[in-house]
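1. attaching a predicted model along with its sequence, questions to come.
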Amino acid sequence: MMHSVHVLFVPLDTYGHINSCIGIAEKIIQLGHQVTFVLERAWLGKLTKWGFNEITYVDPSRDPNQGPNDHWTKSIDMIAETLPEDSLYKAQHQNAKEFEEFVFNALNFNEELKSIIEQVNPDVIVLDHYFTVPAIYQSGRKWIYMTSATPLTAIIHPDTPPTGSGYPTDGDRKQWQIFNEISEKRDGPIINRFNQVLMEKYGLPSLPEGSAFHPSPYLNIYAYPEDLDYLDVRPLPDKWKRFDNFIRSPQVGTNNQFELPDKLKNRHGKLIFVSMGSMGCSQLKLTKRLIDILSQSSHRFLMVMGSCKEMVNLPDNIWGDIMLPQVQIIPMVDLVITHGGNNSVIESLYYGKPMVICPLFYDQYDNAQRVTEKGFGNRINPYKCEPKELLDMIEHILNDQNMNDRCRKISEKMQKIDSQMEAAKAIINVVSEK
């Protein structure tokens, strides 16, 4: 019998990445092993109450008074003026300073992480990030690269659309080329500087061509349902494993079981969950527009409000709060209106719910397109669509029996497999492999 293994999780400190890691960490603990999370100080105490060990570091570039996720929510304000535009416009006009800070953020806590790794002495490290973190690469310990985003962000292949484009898999290759050229012109110099620092300051080998991270020589993992993944157009690379989901248990993050508010209990109409994600829900212009449009619907809406809650008045058919227990709510509803974050998409499919996807940035476009072309929902621009267009889309999806049947079938398939446990075992197995 294997001795107790100590797993160190180092996620990018956003709700999406942390929640995915929690989904696996729960299973590792069930197997009798130990888990520690390394998080920025803003998250102090947020995971210990759910039974996880926690060590914090200090990112000197951040405001010490910020709460969890505030740093990333504020970073969206830097690109707020481009949110209504399409992916190509964003590629052409992305804030270079914001992107450079995002890339080099991985180095801000590197020295402190080295000390933490020596202190914890883990058997294996799991990194959930977009960029290489040198302290992990140089730790002398086995480590696993994990992505909580769409696989397009990590696995580059000539037959898959450019990351962040939202282009169809059978789309115009010239359009792909234009997007790639624009992205390379924008991102290339920054990634090249990052690569130089990794090589010259930290002694790492050069980044793989077209990549911003070094894949693990031991194991690399991602979550994406088989029926949604790109396995129909590209193979799974060596040392990579796909899992259907990394969904956390519904009890994590709340002490209570969610109950439908009285405001909506006695109203007629379908029940619809609305969330633009932990970052998108901070955008007041978008929140007000969605409320105005959805107030014209005959259906009932549960809405994540974020920092906008105190700045808007909700109509009779909408109830909202700063945060909502999404994993508890999705099984209750008939439809999900989402920004298209990876966790939200996977959770919706796991519970068999069709989607209206309103992508705001990055891989949300890719998820929106993939969900649309696989027949699990439709995509729309929430800033520019006509109100009737969104309202009609809601009605169409609710009444599309074929789409609802597809969602039911993928849900049944996903729920037959304990993907989180499979991922946990794969991580533990890395420790014993020669």
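-> Happy to help now that I have it. Numbering: from 1, shown residues only.

2. now for the nearest residue to residue 70 once chain neighbours are set aside, how many residues are close by?
-> Spatially, and ignoring its direct neighbours in sequence, residue 70 is nearest to residue 42 (6.7 Å; C-beta to C-beta, 6 or more residues apart in numbering). Quick note: C-beta positions are derived from backbone N, CA and C, even for glycine. For residue 42, the neighbour count with other C-beta atoms under 10 Å is 20.

3. kindly report the same for the one 5 residues further on.
-> For residue 47, the count of nearby residues is 22 (other C-beta under 10 Å).

4. right, and it touches residue 68 too?
-> No: assessed by C-beta atoms under 8 Å, residue 47 is found out of contact with residue 68, at 10.0 Å.

5. ranges for the strands of the stretch 201-350 of the chain?
-> Under the criterion DSSP state E, counting those that start in this stretch, the stretch 201-350 of the chain contains strands at 219-223, 240-243, 271-275, 300-304, 318-321, 335-338.

6. can you redo the ones you listed as a markdown table with distance to residue 54 and mean neighbour count?
-> Formatted as a markdown table, these follow (distance: least, C-beta to C-beta, whole Å; neighbours: other C-beta atoms under 10 Å):
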| stretch | distance to residue 54 | mean neighbour count |
| --- | --- | --- |
| strand 219-223 | 22 | 24 |
| strand 240-243 | 24 | 18 |
| strand 271-275 | 26 | 23 |
| strand 300-304 | 25 | 24 |
| strand 318-321 | 26 | 20 |
| strand 335-338 | 29 | 26 |
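
7. turn these into TSV, columns for mean pLDDT and distance to residue 193.
-> Output for those, formatted as TSV (pLDDT from 0 to 100; distance: least, C-beta to C-beta, whole Å):
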stretch	mean pLDDT	distance to residue 193
strand 219-223	97	25
strand 240-243	97	28
strand 271-275	97	36
strand 300-304	97	37
strand 318-321	96	42
strand 335-338	98	35
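
8. quick one: those strands as JSON lines, columns for distance to residue 310 too.
-> JSON lines is the format used below for those (distance: least, C-beta to C-beta, whole Å):
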{"stretch": "strand 219-223", "distance to residue 310": "34"}
{"stretch": "strand 240-243", "distance to residue 310": "39"}
{"stretch": "strand 271-275", "distance to residue 310": "18"}
{"stretch": "strand 300-304", "distance to residue 310": "14"}
{"stretch": "strand 318-321", "distance to residue 310": "11"}
{"stretch": "strand 335-338", "distance to residue 310": "22"}
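
9. now for those, which one comes closest to residue 373?
-> strand 335-338 (16.7 Å; C-beta to C-beta).

10. what does the closest one contact?
-> With contact meaning C-beta atoms under 8 Å, 6 or more residues apart in numbering, strand 335-338 is reached by 270, 272-277, 290, 330, 344-345, 348, 353-358, 394, 397-398.

11. contacts only, for the nearest residue to residue 61 once chain neighbours are set aside.
-> What sits nearest to residue 61 in space, not counting adjacent residues and going by C-beta to C-beta, 6+ apart, is residue 108, at 5.5 Å. Shown in contact with residue 108 (C-beta under 8 Å, 6+ apart): 59-61.

12. pick the one among those residues closest to residue 151.
-> Among these, and counting by C-beta to C-beta, the member closest to residue 151 is residue 59, at 27.6 Å.

13. ok, the nearest residue to that closest one once chain neighbours are set aside to residue 270 distance?
-> Nearest non-adjacent residue to residue 59, counting by C-beta to C-beta, 6+ apart: residue 108, 4.8 Å away. Noted for residue 108: a distance of 46 Å to residue 270, by C-beta to C-beta, to the nearest Å.
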